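1. could you look at this predicted model? Sequence included:
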Amino acid sequence: MKTQYSLYNSFSLGKVWRGLLYSLMFIALSSCEKNDFFDENTITGNVGPQAYWEVGSSTASAGSNVPFVVQYYSTVADIDHSEVWYNVTEILEKSVSCTWVTTFTYSYNSIKSEEKRIAQKIAEYPHALAVWSDSLRAYTFTADFPVSGTLKPFSWVKPDVFDSTKMITYFGPDFMEQFKDSLYNLMKFADFKNMMLGLSLMEDFVQYTDSTFDINSNGYVYHFPKDQNGDTPVPDAIRNLYNEITFEKLVSGASGYNVEFKRNYFLEARLRVYDNKNIYGTTVSKRIDIN
């Protein structure tokens, strides 16, 4: 019985060791497959020409041409031609403020950018063997590409004459009313007083003024008259006067109206170099702001 037990125990241990060995082999194989450095870094697919370019300026005028110089070569196939591609992004900046409030600063500010035109071919350049440079060991040439004349910046900043049609066009049909409503909800006694007197909507504010002594500041705090609940609501007469104030008056300032709308564009350009198999290599992107 002792011998049989020993043989059985050896057989069981053998199975355990074989199981551990298979597990370790599986882990090792899995690890090799997942972390195969060579496999992860092997270049697959077609190889296009190598290209590098420099653009003459990071800014350009709408309707002008942007100069550039390019160097390129291919170790795989003959080069056929080059192309400049770019997309167009629009930036809208909006700002509106009311200076008739004194207890806080009230302004609306917004900056939004949106791609208005996806990348597309702008210009094409034929390849020529004559542009080879022995010193650079690459083909090189200088050229330019056009910037659309429709990308001219536009601004409507602190206009001397208010135009409600432009406000609706640039800020939306509901903006003026929303601005006015939001402003009202934030205004305090001092703001109403400054606005009503500043816009010459009344000669004095005494009848709408009350005060309470504040022991913390050792002075009087001015506010609207208290109601039966001890609150200081905006009097109906003041609220009615505010409702009659136009948005135009709310944004009027010492020099023009406190309204700004700016529309600008920038493009991101790349140069593609194609070989005779229609495979291309591309340069790094260049941002160009339109002025």
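-> Ah, there it is.

2. can you pull out the helices in the stretch 151-291 of the chain?
-> 164-171, 175-186, 189-198, 236-244, 247-250 (DSSP state H, counting those that start in this stretch).

3. using TSV, lay out these together with mean pLDDT.
-> Shown next, in TSV, are the helices of the stretch 151-291 of the chain (pLDDT from 0 to 100):
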stretch	mean pLDDT
helix 164-171	98
helix 175-186	98
helix 189-198	97
helix 236-244	97
helix 247-250	97
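
4. turn the ones you listed into a markdown table, including distance to residue 84 and mean neighbour count.
-> (Each C-beta comes from the backbone N, C-alpha and C, glycine too.) Shown next, in a markdown table, are those (distance: least, CB to CB, whole Å; neighbours: other CB atoms under 10 Å):
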| stretch | distance to residue 84 | mean neighbour count |
| --- | --- | --- |
| helix 164-171 | 32 | 14 |
| helix 175-186 | 39 | 14 |
| helix 189-198 | 55 | 18 |
| helix 236-244 | 56 | 13 |
| helix 247-250 | 46 | 18 |
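
5. using CSV, lay out those helices together with distance to residue 126.
-> Formatted as CSV, the helices of the stretch 151-291 of the chain follow (distance: least, CB to CB, whole Å):
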stretch, distance to residue 126
helix 164-171, 44
helix 175-186, 51
helix 189-198, 68
helix 236-244, 69
helix 247-250, 58
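
6. any idea which of those gets closest to residue 205?
-> helix 189-198 (4.8 Å; CB to CB).

7. and the contacts of the closest one?
-> 100-104, 187, 201-202, 204-205, 208-209, 222-224, 232, 234, 238, 241-242, 245 (CB atoms under 8 Å, 6 or more residues apart in numbering).

8. which of these are buried, as a PyMOL select command?
-> Only the buried entries of the contacts of helix 189-198 go into this PyMOL selection, using 16 or more other CB atoms under 10 Å:
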select buried, resi 100+101+187+205+208+223+224+232+238+241+242+245
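
9. ok, the closest residue to residue 85 other than its chain neighbours - how many residues close by?
-> Excluding the flanking residues, the one nearest residue 85 by CB to CB, 6 or more residues apart in numbering is residue 119, at 4.9 Å. Using other CB atoms under 10 Å, residue 119 is surrounded by 15 other residues.
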